[in-house]
Each structure stands twice: as structure tokens, then as C-alpha cells.
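Q: Fold the stuff below for me.
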Amino acid sequence: MIAEIVSVGTELLMGQIVNTDAQFIAKHLAPLGLACRYQVTVGDNAGRLTEVVRAALSRADIVFFTGGLGPTDDDLTKETVAAALGLACVPFPEEVERLTRFFRDRGRVMTPNNLKQASFPESAILLPNPNGTAPGCILEAGGKAAVLLPGPPRELYPMFTDHVLPYLERRCNTHLYSRELRIFGMGESMLTYELRDLIERQTNPTIAPYAKTGEVTLRLTASCETDAEGQRLLSPLIEEITRRVGDRLYSTEGKPLHQVCAELLAASGRSLAVAESCTGGMVTSSLVSVPGCSDFLIEGCVTYSNDAKMRRLGVSEETLRAHTAVSRQCALEMARGIRQSAGADYGLAITGIAGPGGGTEAQPVGLVYIAVADAAGAEAVELHLYGDRDRIRRTATLHALDLLRRKCLNRTFVRDIL
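A: Residues are numbered from 1 along each chain as shown. Predicted coordinates for the structure are as follows:
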């Protein structure tokens, strides 16, 4: 079957927000046997939206629409798609009650224009939205299907996963079981080369690599009758990939690196304190995003200046004078200092030059040192990272988390990464 994605919103055309919705939907279509031929973005204009809707429905079996389901006059998606399918929207009493209750429970006044969010064609399949006021819906007519989804990702993602995917599996007569493997420490080209024979002869299950900043994910998908069968199909493939990739594979369940570190710390009962310079709190912030982080995280300090490193962490003035703040010696003292002052089992420290200025021939932009300290001593690694300031900081954060992961597992550090 042919699919198409139509993203509605003038803010997308003006570049005010990044269209992550289309990317999220698209990556779920191919495993279902849906070929996405077009992705279209259109502004909040009734005439142009009507043209796009008609064109999309003329060339695709299933069209996904994102955005334009709100209460304002320029939220036109539902009414426009319904009209193109020859359907009229009518109020759903249960949705009117839901909206009324939503506003009443929050002590807010519901204005009359909100009621348009409670109107749908009588044949619509409603998609609940526990994270917002606008339900989605699926409209079917003339052998076509239109899937209407809200624009905000925090509303669209769970709605798509919980309600749209099961609908698509039934419509496509397909049951899929997927696992996401996450790898840090090797690029996409190296990974796909190591797995080239597996990728070349893939049938069922399939292997799909995706490169992200500093890491690579592999989505393994099996077409099967049940999840249990899917697990049986994927298990030997995961074992073989693990054998080839080694401990650079840090999760077979799609968990991000900071969550893996958090779970390791919580399970071991060990505590952590973090001292950051060039990453400016990104490591600590990622760990704080995990519920229950108070079980292991004692504190995080952003010690950006030399004075802060000396006063807060006990880095010696002699070390800074002889080796500078961006040095292995400074990182080691930072890790020992934050561990001792916080009374933590582990001390993690990062210092470096994120750019775009501040680099020299001896200490170029991208030079980063990361150290981890525990009761047995401290170890540090030297990194030579590349990219703009944001990329260097994000990559350094991942390296710091990976070193922490290895420390928790008593694994060997990868030293002096160029």
C-alpha cells in the first residue's frame, strides 16, 4: 500500500519549529509494508490545504495528517479532510462532556471555539489524547484512509504508538516485533561494515541502522504471528551482533545511555557526584531526567572558571599553571575533588574546549578530558572531538556517560580517542 504524510502548519514552512512528526511517522511505515512516496508540508491556508488533501488522497491509500486539530480558526485539517472525503462533522456528546470536564477540572473557562475539537464525521474512529485537548481520528471512505494526528510531539507520539500502529497492523495484516539496539563507540560506516553480511542477506528479520550524534542505533524487526515468535526470530541475531560489536553495544532494549547509567548506579547502590566545565551541566541534566535519580545522584557542579575549580573542587593552582584547566591532570583532580567533597562512591569530571574560540595549536577546539574516580583511584581519557560547539558538548556528554557505564561494569576504558 502507498502512504503519504502531510504536515500542516505555517510555523513549519517558516522554519520556526523542526518537523520531527514526519520523521517519527515515516520510520514506522516501511516495516509495515507501507511505501511512503511523498511528504508534503502546507501552511494554514484553506485553499492550499484543500489542494494538498485532494492530491494526497488521489495517489495514496493511507494519508497521515499532522497538526491543525486545535480550536482556532486556522486549525483546518479535520474539516478540510472530511469535506474531501464527502463527510460532515457533527458534535460527539461524549467528547463535548470530556472537553467540558477537562476545563472544569483545571479551573479554566472553556470558550465556544473549543467545541470544534469535539466534532467529527459520524463514522470516525476516535484516537484518545490523554496529553491534550484535541483527539485524533481515522476517517475511511472509498477505500482510502486518512489518519489525523495532533501536531505537538508529546501528543502525537503516544497516540501513534498506542492507537495508530495497532490499526495499521490490522489493516496491513501484519504483526511486527521490534527491538532497538544502541551502540556507542563506533560510527555507522564501521558498524554496517562489520555487519555487512547480515545486512546483505536480511529477509526476516530486517536490520535498519540509524546514525545519531555520537552513536548508532539498529532497529531489528521481525514479521511474525506473536511477540513470542518475534523474540525467537530476533534472539540469535541479537546474540551475533553482540558478539561482533562487544561492549560498545550498551542496550538491546532501546534505552538511552543516561538511563543505562542510572539503572546501573541504582542497582549497585553506589552514588555519584559530577563536576562539569565545558558540558555546562549536560551530564547531570541527562541523569536527572531519569525518575528516581535521587537514589544515586548526590550533586552536580558546573565549575567553569579556574577559581571555581580550585575553590569548589580543590584543583591546585600549580596544576592549572603547569598544565592548564584543559588537561588530564586537571580532570583527575576535579574527579577526586567532587567525589571527596560530596562523599560519593564515584566522581565524574569533564573539562575541555568546546569552541568556537579558545583553541590553540597545542590545545585545539574539541580537546576534552574526562575522568572517573572511586575508592581505588582515578582514571582519565583524552578526546579529540569535532563539530560545532553544540556537537562537541553533546558528544563529550555521551563519552562521559559511557566511561561511567564502563566503570560501573568494571570494563576497560577506551583511552585517548582521536
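Q: The nearest residue to D345 once chain neighbours are set aside and G67: what is the separation?
A: Closest residue to D345 in three dimensions, ignoring its sequence neighbours and counting by CB to CB, 6 or more residues apart in numbering: R270, at 4.0 Å. (C-beta placed from N, C-alpha, C; glycine too.) With distances taken as CB to CB, to the nearest Å, R270 is found 45 Å from G67.
Q: okay, the two: which has more neighbours?
A: Each of R270 and G67 has its neighbours counted (other CB atoms under 10 Å); G67 has more, 27 against 15.
Q: if I look at the more buried one, how far off is V368?
A: Remark: distance between G67 and V368 (CB to CB) = 40 Å.
Q: G352 too?
A: When CB to CB is applied, the distance between G352 and V368 equals 3 Å.
Q: Common neighbours of these two, please.
A: Among the neighbours of G352, those also in contact with V368 (CB atoms under 8 Å, 6 or more residues apart in numbering) are C278, V326, L383, L385, I392, A396.
Q: So the residue nearest to D345, which state does it fall into?
A: For R270, the reduced secondary structure class is coil; criterion used: DSSP: H, G, I helix; E, B strand; the rest coil.
Q: Tell me how many other residues crowd the closest residue to I17 other than its chain neighbours.
A: Excluding the flanking residues, the one nearest I17 by CB to CB, 6+ apart is E11, at 5.4 Å. Per other CB under 10 Å, the neighbour tally for E11 reads 13.
Q: mind listing what's buried in the helix or strand in which A400 is found?
A: In the assignment (DSSP states H and E), A400 maps to helix 389-409. Judged by neighbour count (16 or more other CB atoms under 10 Å), helix 389-409 contains these buried residues: 391-408.
Q: per-residue confidence averaged over it?
A: Helix 389-409 shows an average pLDDT of 97 in the prediction.
Q: before we move on, back to that, next one: the residue nearest to I17 relative to T50, how far apart?
A: 20 Å.
Q: likewise S7?
A: 16 Å.
Q: Between these two, tell me which one has more neighbours.
A: Shown here are S7 and T50; by other CB under 10 Å, S7 has more neighbours (21 against 16).
Q: Now the spatially closest residue to that one that is not a sequence neighbour, what are its backbone angles?
A: Excluding its sequence neighbours, the residue lying closest to S7 (CB to CB, 6+ apart) is T41, at 4.6 Å. Here is the backbone geometry of T41 (degrees, to the nearest 10): phi -120, psi 130.
Q: T41 contacts V18, correct?
A: No. Here T41 does not reach V18: they are 11.6 Å apart, not a contact under CB atoms under 8 Å.
Q: which of these two has more neighbours?
A: Between T41 and V18, counted using other CB under 10 Å, T41 has the larger neighbour count: 17 against 10.
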